[in-house]
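A.B. asks: Need the 3D shape of this:
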Amino acid sequence: MTIKAPVTLPPKTADTISVFLAGSIEMGSAIHWQQEIEQVFDGRTQVHLYNPRRDDWDSSWKQEITHPAFNEQVNWELDAMEAADLIIMYFAPGTYSPVTLLELGLHARSGKLVVCCPEGFWRKGNVDIVCEKFGVKQVPNITALIDTIHSYSLNRTIV
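C.D. replies: Now for the predicted structure:
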């Protein structure tokens, strides 16, 4: 099941896991990598995917705390990452993804982060060093992120 911003997050239950899909969006110009993951888990009600890629996003919104829709979006993302059992993070080559870099810093010590940062991401070295320093698991591609979600849904641990 996919829950997109700004929909209220469902209550946690013992038989579900929640996964936040953090990563490159670039105001809609990055590849829609989240869709690939959504398709794999479509119909699996025990996996809740929290997708920040908002269907009604409006790039004219002022990115200021006083703009209600923007404020709602950022708070939804922060709340969803805190609530998630697992945060997967994808840094798309050819993007800058400053918000994702911020999220990496916020959650590097959480123990629930898995990162995919392929060659071609402009700050791959920084991402690699942060992941190494804080013991964040890295995987080589989106398929490996999907495998991580499958494994986590079975074992409830990052392997």
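
A.B. asks: max-length helix in the protein?
C.D. replies: Among the segments of the chain that qualify as a helix by DSSP state H, the longest is helix 68-83.

A.B. asks: can you map out the helices along this protein?
C.D. replies: For the chain, the helices defined by DSSP H cover 33-41, 68-83, 98-107, 124-134, 142-155.

A.B. asks: State the distance from the residue most central in space within the chain to Gly105.
C.D. replies: In the chain, the residue lying closest to the centroid (CA atoms, centre = their mean) is Ala22, at 1.8 Å. Using CB to CB, to the nearest Å, we find Ala22 at a distance of 12 Å from Gly105. Backbone N, C-alpha and C define where each C-beta goes, glycine included.

A.B. asks: Now do the phi/psi pair for the residue lying farthest from the centre of the chain.
C.D. replies: Residue farthest from the centre of the chain, counting by CA atoms, centre = their mean, is Thr66 at 24.8 Å. Dihedral pair for Thr66: phi -80, psi -10, per degrees, to the nearest 10.

A.B. asks: Same check on Thr95?
C.D. replies: phi -110, psi 170.

A.B. asks: Next, count neighbours for it.
C.D. replies: Thr95: 19 surrounding residues under other CB atoms under 10 Å.

A.B. asks: Thr148: what's it in contact with?
C.D. replies: By CB atoms under 8 Å, 6 or more residues apart in numbering, the contact list for Thr148 reads 86, 88, 114, 137, 139, 158.

A.B. asks: Mind listing the residues bridging to the fifth one?
C.D. replies: Which is Val139. Taking DSSP bridges, one finds Cys116 as the beta-bridge partners of Val139.
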